[in-house]
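Trainee: Model the following, please.
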Amino acid sequence: MHNLIMKRLSFLIAAVLCLQLGFAGPVQSAAEGPVEVKELNFVFLHGAGSVSCTTQLLADTIVEQIPAYIVDYEQAHPDIEVHVDSLNRCYQNDVGIDVWARNIVSSINKYLPGKGSVILIGHSMGGKSAIYTVARNVGGIAERVPLVVTIDSPIKSLDKYQVTGGGSFLNYC
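Mentor: This is a model prediction of the structure:
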């Protein structure tokens with residue numbers, strides 16, 4: 001069941017990305033100039049109390065399936081070449097959201113330096129941190145992020161969530 005959900009989610013993300021590429025701007029013909037290069041740089045963000053292994057299946061599935069979409073897109077747009085990269089890092093998760101956001105930006109700047117079209121895909125607290133990072137434009141990252149995808153991300157403060165046995169999630173951490 002988990003594999004089916006992951007495959008459906010990866011299909012949805014790939015479809016959205018292909019649509020995003022389609023509306024990214026005017027296309028020049030080969031006679032008018034060089035091939036335009038578009039980038040898709042996926043950054044996978046795990047949830048609180050978790051590690052990068054929890055987003056590995058999703059990351060692998062997207063990286064394995066997106067080439068077929070890119071081939072179709074490039075055939076329909078012969079003057080555009082699409083480059084894909086991904087980053088699946090483990091982030092310290094016993095810190096506040098400000099520190100987590102700075103760590104995300106630091107990883108992007110270190111491992112995807114100067115790259116545009118950074119797509120943040122976060123599970124749970126990773127998704128909340130992605131939204132926070134872009135909304136607050138931490139490290140000037142907002143202009144590089146055209147898409148944030150969240151999966152089961154909390155929308156209220158973590159101290160409002162209760163864990164089994166009582167107490168807040170923050171106290172549990």
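Trainee: for the protein, which spans come out with low pLDDT?
Mentor: Applying pLDDT under 70 to the chain picks out residues 1-33, 156-166, 168-173.
Trainee: Helices of that one, start to end?
Mentor: Assigned by DSSP state H, the helices in the chain fall at 2-22, 56-76, 97-111, 125-135, 169-172.
Trainee: Show me how far the fourth one is from its chain's centre.
Mentor: Put plainly, it is helix 125-135. 10 Å (CA atoms, centre = their mean, to the nearest Å).
Trainee: who does it touch, helix- and strand-wise?
Mentor: Packing partners of helix 125-135 (3 or more CB pairs under 8 Å, 6 or more residues apart in numbering; DSSP states H and E): strand 36-45, helix 97-111, strand 118-123, strand 147-151. C-beta here means a position set from N, CA and C on the backbone, and glycine is covered the same way.
Trainee: who's in contact with it?
Mentor: Outside helix 125-135, the residues that touch it by CB atoms under 8 Å, 6 or more residues apart in numbering are 44-48, 50, 55, 91, 93, 97, 100-101, 104-105, 120-122, 138, 141-142, 145, 148-155, 158.
Trainee: So for the protein, which residue is the most central one in space?
Mentor: With distances taken as CA atoms, centre = their mean, Leu120 lies nearest the centre of the chain, 2.1 Å away.
Trainee: how near is it to Val43?
Mentor: Applying CB to CB, to the nearest Å, the value for Leu120 to Val43 is 5 Å.
Trainee: if we can go back for a sec, make JSON lines from the helices and strands packed on helix 125-135 and add distance to Glu74 to it.
Mentor: As requested, these are arranged in JSON lines below (distance: least, CB to CB, whole Å):
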{"stretch": "strand 36-45", "distance to Glu74": "10"}
{"stretch": "helix 97-111", "distance to Glu74": "25"}
{"stretch": "strand 118-123", "distance to Glu74": "18"}
{"stretch": "strand 147-151", "distance to Glu74": "20"}
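Trainee: Could you say which of those is packed most deeply?
Mentor: strand 118-123 (a mean of 25; mean count of other CB atoms under 10 Å).
Trainee: how far off helix 56-76 does it point, in degrees?
Mentor: 150 degrees (axes from the mean of the first three to the mean of the last three CA atoms, to 10 degrees).
Trainee: Strand 36-45 and strand 118-123, what's the angle between them?
Mentor: 20 degrees.
Trainee: residues touching the residue nearest to Ile141 when sequence neighbours are not counted, list them.
Mentor: Computed as CB to CB, 6 or more residues apart in numbering, the closest residue to Ile141 that is not its neighbour in sequence is Val105, at 5.1 Å. By CB under 8 Å, 6+ apart, Val105 lies in contact with Thr133, Val138, Gly139, Ile141.
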